[in-house]
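Visitor: Sequence and computational prediction follow.
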Amino acid sequence: MSWISIRRIVLHLVLLAGVPAALLAPAHAAPEQLPLYVGYADPPLSTSRPDSLTIQLASALSAQSHGRYRFKATQLPRKRLLVMISDPAWKGVVAWANPAWFNDPAMQRYLWSAPFMNDTNLVVSHREHPLDYNGDIRALAGLRVGTIFGQRYADLDPLFRDHSLQRNDVASELQNLQKLQLRRLDVVLIQGSSLPYFREQLPDLDQWLYVARTPRNSFQRYLFTGRRNPELMAFLNAALAELARDREWQALFDSAARR
């Protein structure tokens with residue numbers, strides 16, 4: 001006798017005994033646990049603070065899924081993140097990304113969401129030797145540039161390779177700013193959305209930091225996941241569309257972009 005036949009007999013006997021059929025329905029599946037990866041070591045995107053945007057985004061996406069997914073903010077060094085996503089079977093979602101940074105400008109290697117945040121890269125220097133950057137990357141020639149381990153700089157990498165620029169890698173933008181304060185660097189590249197948090201951690205920052213009026217670039221941030229997860233990406237796009245209509249949530253992005 002097949003399992004289906006046995007189940008029908010059991011169901012019939014239980015119904016005869018007066019047990020509500022609802023009790024025989026399968027229990028709701030537990031939420032699928034998914035990491036929401038971030039490769040940044042600095043706020044507001046790192047998970048180092050309770051007001052982290054990544055922690056808040058994980059919570060918002062979990063709530064939008066109504067029990068289908070549970071996202072956990074997970075910080076990884078960028079090099080580990082790159083190794084992980086090289087496996088076609090990797091699971092989870094990478095936040096705050098841009099296709100150009102992950103060698104996927106045509107958006108073919110991974111599934112990408114709609115863009116959901118605008119940000120900038122700033123060129124900063126010490127007030128004693130301010131750099132009036134005007135958009136010409138050659139203005140950085142011969143300078144010591146503060147960079148991040150494992151991070152690609154599409155416009156600067158050719159200059160690093162021919163030694164026109166000195167690349168100086170550390171783990172975080174904050175460390176680069178501290179080196180700039182000590183005059184161990186000439187120029188540092190930082191995210192515009194991080195600047196207010198650096199002001200909190202370095203109270204005298206505005207006394208010695210010079211921010212060039214022209215940003216190195218402006219860009220949009222996306223979520224992405226592996227190509228085996230179209231259903232997950234459909235959910236992410238729907239959730240981001242809902243969050244775009246949430247005034248409190250958008251205020252977080254707007255304040256980060258203005259700072």
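Guide: Here it is on my side, so go on. Numbers count the residues shown, from 1 in each chain.

Visitor: what about the helix or strand harbouring residue 251, average pLDDT?
Guide: Secondary structure assignment for residue 251, by DSSP states H and E: helix 247-258. Across helix 247-258, the average pLDDT comes to 67.

Visitor: same deal with stretch 222-233?
Guide: Per-residue confidence for stretch 222-233 averages out to 97 on the pLDDT scale.

Visitor: now that stretch, how far from the chain's geometric center?
Guide: 14 Å (C-alpha atoms, centre = their mean, to the nearest Å).

Visitor: and if you look at stretch 200-209?
Guide: Distance, stretch centre to chain centre, for stretch 200-209: 25 Å (C-alpha atoms, centre = their mean).

Visitor: How far does it stretch from one end to the other?
Guide: End-to-end distance of stretch 200-209 (C-alpha to C-alpha, to the nearest Å): 14 Å.

Visitor: what's next to that stretch, contact-wise?
Guide: Contacts of stretch 200-209 with the rest of the structure, by C-beta atoms under 8 Å, 6 or more residues apart in numbering, involve 124-128, 174, 177-178, 180-181, 198-199. In this view, the C-beta of every residue, glycine as well, is placed from N, C-alpha and C.

Visitor: any chance of the residues you listed in TSV, with secondary structure, neighbour count and distance to residue 91 too?
Guide: Below are these laid out as TSV (DSSP: H, G, I helix; E, B strand; the rest coil; neighbours: other C-beta atoms under 10 Å; distance: C-beta to C-beta, whole Å):
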residue	secondary structure	neighbour count	distance to residue 91
124	strand	25	37
125	strand	22	41
126	strand	18	44
127	coil	10	47
128	coil	8	49
174	helix	19	30
177	helix	25	35
178	helix	18	36
180	helix	22	38
181	helix	17	41
198	helix	20	33
199	helix	14	37
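
Visitor: Farthest pair within these?
Guide: Largest separation among those by C-beta to C-beta: 128 and 174, giving 20.2 Å.

Visitor: The closest residue to residue 101 other than its chain neighbours: neighbour count?
Guide: Leaving out its chain neighbours, the residue that sits closest to residue 101 by C-beta to C-beta, 6 or more residues apart in numbering is residue 152, at 5.9 Å. Burial of residue 152, expressed as a neighbour count using other C-beta atoms under 10 Å, amounts to 14.

Visitor: And residue 116, how far from residue 183?
Guide: Distance, residue 116 to residue 183, using C-beta to C-beta, to the nearest Å: 38 Å.

Visitor: Kindly report the same for residue 209.
Guide: If you go by C-beta to C-beta, the gap between residue 209 and residue 183 works out to 13 Å.

Visitor: Check the contacts of stretch 200-209 against residue 42 and report the nearest one.
Guide: Sorting the contacts of stretch 200-209 by how near they are to residue 42, with C-beta to C-beta, puts residue 174 at the top with 5.6 Å.

Visitor: all helices for this structure, in order.
Guide: When assigned using DSSP state H, the helices of the chain occupy the ranges 3-16, 53-65, 78-85, 157-161, 173-181, 195-201, 205-208, 230-244, 247-258.

Visitor: what's the closest of the ones you listed to residue 112?
Guide: Proximity of the helices of the chain to residue 112 was assessed by C-beta to C-beta; the nearest stretch is helix 230-244, lying at 7.9 Å.

Visitor: Good, we can wrap up now.
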